[in-house]
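**Q** heads up, no residue letters with this:
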């Protein structure tokens, strides 16, 4: 066995271990795209999963060049991925310029000369696609195509298990967590923050004048704006942050180990990222803004009280003109109590 073959085998074995350790869906998907680039001669790999309506492919994980840039949403019948889904067959494209199935997208952040796209199929039903591309023409051999198929086949069972578990607590439209998940997860993060004596912050985000988008362009475009917003929030935040669609156009971001200043910086990054770049939906470019309230847990208040303060700050942002970030008021008595408790713990440790 050659050195390269041995390296590929070790990568596959490591991936198998990662996919069976019960990690969250996002981490499992990212492990697959990372392994794809470790084995195949590409510079960008992605997994797109079908949404609940099976009409759109949502960017679920990306690795390599351009992975940190917003990506265009794809219809399930669009481009090479759409062809792969509809035919249930892989595609190896030697030169994308000569293949009519390929659809180029502006501002994608990386060049594509050739590519391999494999369907992810569970019990005979496509659930998404695994794609790897290179800026070079004819970068992938038939052997590379077989390796991509092996990666897809060994990844599907654990991905599907994690996907089904996630569906129970996931918003069908955006793949963010749903409102039912928020209370339980927030309580867990508050307990962790209390146990580790770390900060915990929460962003409450509400899209401005979103009804105008639905009224002007129709609900399908509005749905795509919601999906694009979720993707941009994820690009601006960490994988440990918990994004929840609370309802309608209102979202909550729970940020473990994050103080008020850093949370405000992230909120501003989210706000600016949405305001500065219109959402491209087919031939329409929709300008959308968001108002954000930032609240940092005082160490004693309930999850409901923390959400209420964030909500009040968000409404203050609306009242001050929208498209802005506002911090929640600090409850001084509780804050001083927490500081006193922290000082007491420090004194005990010093002794």
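**A** Nice, I can see it. All figures in this text were calculated on a predicted structure; none of them were measured in a lab.
**Q** State which helix of the protein is the longest.
**A** Using DSSP state H, we find that the single longest helix of the chain is helix 142-167.
**Q** which parts of that helix are buried?
**A** Using 16 or more other Cβ atoms under 10 Å as the test for burial, helix 142-167 gives 144-145, 147-148, 151-152, 154-156, 158-163, 166. Backbone N, C-alpha and C define where each C-beta goes, glycine included.
**Q** can you tell me the average pLDDT over it?
**A** For helix 142-167, the mean pLDDT works out to 86.
**Q** name the helices or strands packed onto it?
**A** Packing partners of helix 142-167 (3 or more Cβ pairs under 8 Å, 6 or more residues apart in numbering; DSSP states H and E): helix 3-19, helix 25-39, strand 91-93, strand 114-122, strand 125-134.
**Q** give me the element residue 213 is part of.
**A** Element membership for residue 213, per DSSP states H and E: helix 210-217.
**Q** What angle do helix 210-217 and the very next helix or strand once past that helix make with each other?
**A** Note on helix 210-217: by DSSP H and E, the next helix or strand toward the C-terminus is helix 219-236. Angle, helix 219-236 to helix 210-217, by axes from the mean of the first three to the mean of the last three Cα atoms, to 10 degrees: 130 degrees.
**Q** hmm, back to that, among the helices and strands packed on helix 142-167, which is nearest residue 313?
**A** helix 25-39 (27.8 Å; Cβ to Cβ).
**Q** Who are the packing partners of the closest one?
**A** helix 3-19, strand 44-50, strand 56-64, strand 125-134, helix 142-167.
**Q** could those go into JSON lines alongside distance to residue 38?
**A** Converted to JSON lines, the helices and strands packed on helix 25-39 look like this (distance: least, Cβ to Cβ, whole Å):
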{"stretch": "helix 3-19", "distance to residue 38": "5"}
{"stretch": "strand 44-50", "distance to residue 38": "9"}
{"stretch": "strand 56-64", "distance to residue 38": "9"}
{"stretch": "strand 125-134", "distance to residue 38": "11"}
{"stretch": "helix 142-167", "distance to residue 38": "10"}
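**Q** Quick one: closest of those to residue 266.
**A** Ranking the helices and strands packed on helix 25-39 by proximity to residue 266 (Cβ to Cβ) places strand 56-64 first, at 20.2 Å.
**Q** can you give me the offset of the closest one from its chain's centre?
**A** Put simply, strand 56-64 sits 8 Å off its chain's centre (Cα atoms, centre = their mean, to the nearest Å).
**Q** the inter-axis angle of it versus helix 219-236?
**A** 20 degrees.
**Q** I'd like the next helix or strand past strand 56-64.
**A** strand 74-75.
**Q** quick one: contacts of that following strand?
**A** 48, 55, 56, 57, 81, 82 (Cβ atoms under 8 Å, 6 or more residues apart in numbering).
**Q** what sits against the nearest residue to the fourth one once chain neighbours are set aside?
**A** In space, and not counting its chain neighbours, residue 57 is closest to residue 48: 3.9 Å by Cβ to Cβ, 6 or more residues apart in numbering. Taking Cβ under 8 Å, 6+ apart, we find residue 48 in contact with 57, 58, 59, 60, 74, 81, 128, 129, 131.
**Q** Show me the residue at the heart of this structure, geometrically.
**A** residue 234 (4.3 Å; Cα atoms, centre = their mean).
**Q** Now for it: which residues touch it?
**A** residue 243.
**Q** Ok, residue 121 next?
**A** 88, 127, 156.
**Q** ok so, going back, I'd like the contacts of strand 74-75 as a markdown table, with pLDDT and distance to residue 119 appended.
**A** Converted to a markdown table, the contacts of strand 74-75 look like this (pLDDT from 0 to 100; distance: Cβ to Cβ, whole Å):
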| residue | pLDDT | distance to residue 119 |
| --- | --- | --- |
| 48 | 90 | 11 |
| 55 | 79 | 17 |
| 56 | 76 | 16 |
| 57 | 80 | 11 |
| 81 | 92 | 9 |
| 82 | 91 | 11 |
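**Q** out of these, who's nearest residue 170?
**A** residue 56 (14.8 Å).
**Q** do you know how far the closest one is from residue 174?
**A** 11 Å (Cβ to Cβ, to the nearest Å).
**Q** Touching both of these two, which residues are there?
**A** Common neighbours of residue 56 and residue 174 (Cβ under 8 Å, 6+ apart) are residue 227.
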